[in-house]
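Undergrad: Build me a model from this:
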Amino acid sequence: MKTYPLRPVHTSSEASKDGPGKTNATVVRLKHPVRNAITIVIAITLLLGGYSVVTNENFGWETVGQYLFDPQILEGLVNTLYLTVIAMMIGLALGITLAVMRLSPTWLLQAISSAYIWFFRGTPVLVQLIFWYNFGALYSHLSLGIPFGPQLLSVPSNDFITPLTAAILGLGLNQAAYTAEVIRGGFLSVGKGQREAAKAIGMTPGLIYRRIVLPQAMPSIIPPVGNELISMLKGTSLVSVIAMTDLLHSAQLIYARTYETIPLLMVVCVWYLAITTVLTLIQGRVERHYANR
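TA: Below is the predicted model:
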C-alpha cells in the first residue's frame, strides 16, 4: 500500500521556542466564503420578510392586540388547555396499559392491544370526533345494570355525550394508541436480561416494570411523549367541527361577526406559539433531568 507523508496544517512555518518543550503555534482558521455569503443572504431575506410582516397593515396588528386578551378568547384558551391535559392523561394511562398488554405473554391481551392500536391509528381523529359526537344515533340510551337482568341506571346518550365529552373521548382514545407504541418502544430499549434477572429473584411483573424497566426507559420515552403532547395541543383545534368552544372556535365566532379573519387567526397563532414554547422548555428540562440520572 502506498503511503503519503503527513503535512502539518494550521501552524506557522517557523515555530519559536519559549522554553523547554514549549512551542508557539498560530492557528489559521479556514475561510468559507460561499457559506458566509449564503448566511448573509438568508439573514437579509429573513429581515426583509419580518419587516414585511410587521409593516403589512392587512395583518391588522392593532386588532390582534385588541383581541389577544379578549374574554371570549381566554375562555377558549382555558378550554383548550383543559382538553389537552385531560386527553393526554387518558392517553398516558391507557397507553401504558396497552403497552404492557402488547408485551404480555398472554396472546389474548396481545390481540386486544394490537386490535385497539390498529383501529385508532388507522382512522382519522377527525372521523373519531364526529363519530363520538353522533354516538346517540347508535344508542339512544346508556344503561347500567345486571347483564340479562334489571337496569339500575339509564340516561339519554345526548345528555351524556356533550361536545366536551365527545372531544375528550375522541382525542384521549386516539392518543392512547400512539402513546402505547412510544412506551412499548421505550420498554423494549431495556435489556430482556434485566427483566429475567428481576423475575429470578422473585419480583412481581408490576414491580419489575416500576423499579427496573420504567426508570431506564424514561430517557427514551420522554422526547416522543413531549412531541405527542405538543401535537395534542394543536390537535385540539379539530374539536371546532363539533362546536366545542376551544381557542380556534372562539376566534371563529368572533371573526364570523366582525369579518376580521386574518387578525383573529393571528391571535390564535400567537397563543399556540406561546404555549408550545413553554411546553418545549419544560420538555427540555425533563429530558436533561433524566439524562443526568
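
Undergrad: Can you list the low-confidence ranges for the stretch 151-293 of the chain?
TA: 151, 293 (pLDDT under 70).

Undergrad: What segments of it are helices?
TA: Per DSSP state H, counting those that start in this stretch, the stretch 151-293 of the chain carries helices over the ranges 157-160, 163-188, 192-200, 205-208, 214-235, 247-258, 261-291.

Undergrad: mind putting these in JSON lines, distance to residue 123 and mean neighbour count included?
TA: Bear in mind the C-beta positions are built from the backbone N, C-alpha and C, glycine included. Formatted as JSON lines, the helices of the stretch 151-293 of the chain follow (distance: least, Cβ to Cβ, whole Å; neighbours: other Cβ atoms under 10 Å):
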{"stretch": "helix 157-160", "distance to residue 123": "21", "mean neighbour count": "13"}
{"stretch": "helix 163-188", "distance to residue 123": "8", "mean neighbour count": "21"}
{"stretch": "helix 192-200", "distance to residue 123": "33", "mean neighbour count": "12"}
{"stretch": "helix 205-208", "distance to residue 123": "32", "mean neighbour count": "14"}
{"stretch": "helix 214-235", "distance to residue 123": "14", "mean neighbour count": "18"}
{"stretch": "helix 247-258", "distance to residue 123": "22", "mean neighbour count": "19"}
{"stretch": "helix 261-291", "distance to residue 123": "25", "mean neighbour count": "15"}
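
Undergrad: quick one: which of those is nearest residue 92?
TA: Of all these, it is helix 163-188 that lies closest to residue 92, at 5.9 Å by Cβ to Cβ.

Undergrad: tell me the angle the closest one makes with helix 192-200.
TA: 100 degrees (axes from the mean of the first three to the mean of the last three Cα atoms, to 10 degrees).

Undergrad: which other helices and strands contact helix 163-188?
TA: helix 71-102, helix 107-122, helix 125-133, helix 214-235 (3 or more Cβ pairs under 8 Å, 6 or more residues apart in numbering; DSSP states H and E).

Undergrad: Let me know which of those helices is the nearest to residue 183.
TA: Judging the helices and strands packed on helix 163-188 by Cβ to Cβ, what sits closest to residue 183 is helix 71-102, at 4.0 Å.

Undergrad: related to what we said a few turns ago, how about the helices and strands packed on helix 163-188 in CSV, adding distance to residue 144?
TA: Formatted as CSV, these follow (distance: least, Cβ to Cβ, whole Å):
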stretch, distance to residue 144
helix 71-102, 21
helix 107-122, 23
helix 125-133, 19
helix 214-235, 30
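
Undergrad: Can you flag the weakest of these by average pLDDT?
TA: Mean pLDDT values for these show the minimum at helix 214-235, a mean of 88.

Undergrad: wait, what's in contact with the most centrally placed residue in the chain?
TA: Closest residue to the average C-alpha location of the chain: residue 228 at 2.3 Å, with Cα atoms, centre = their mean. Residues near residue 228 by Cβ atoms under 8 Å, 6 or more residues apart in numbering: 88, 91, 175, 178, 179, 182.

Undergrad: Tell me how far residue 263 lies from residue 251.
TA: For residue 263, the distance to residue 251 equals 9 Å [Cβ to Cβ, to the nearest Å].

Undergrad: any shared contact partners between the two?
TA: residue 67.

Undergrad: returning to that earlier point: which one of the helices and strands packed on helix 163-188 lies nearest to residue 206?
TA: Checked against Cβ to Cβ, the stretch from those lying closest is helix 71-102, at 9.0 Å.

Undergrad: Name the residues of that closest one that come out as buried.
TA: By neighbour count on 16 or more other Cβ atoms under 10 Å, the buried set for helix 71-102 is 73, 76-77, 79-81, 83-84, 87-88, 90-92, 94-102.

Undergrad: Figure out which of the helices of the stretch 151-293 of the chain is closest to residue 67.
TA: Judging those by Cβ to Cβ, what sits closest to residue 67 is helix 261-291, at 5.1 Å.

Undergrad: Run through the neighbouring helices and strands of that closest one.
TA: Using 3+ Cβ pairs under 8 Å, 6+ apart, helix 261-291 sits against helix 61-67, helix 71-102, helix 214-235, helix 247-258.

Undergrad: Can you get me a residue count around residue 118?
TA: By other Cβ atoms under 10 Å, 11 other residues sit near residue 118.

Undergrad: measure stretch 97-113 end to end?
TA: With Cα to Cα, to the nearest Å as the measure, stretch 97-113 spans 9 Å from end to end.
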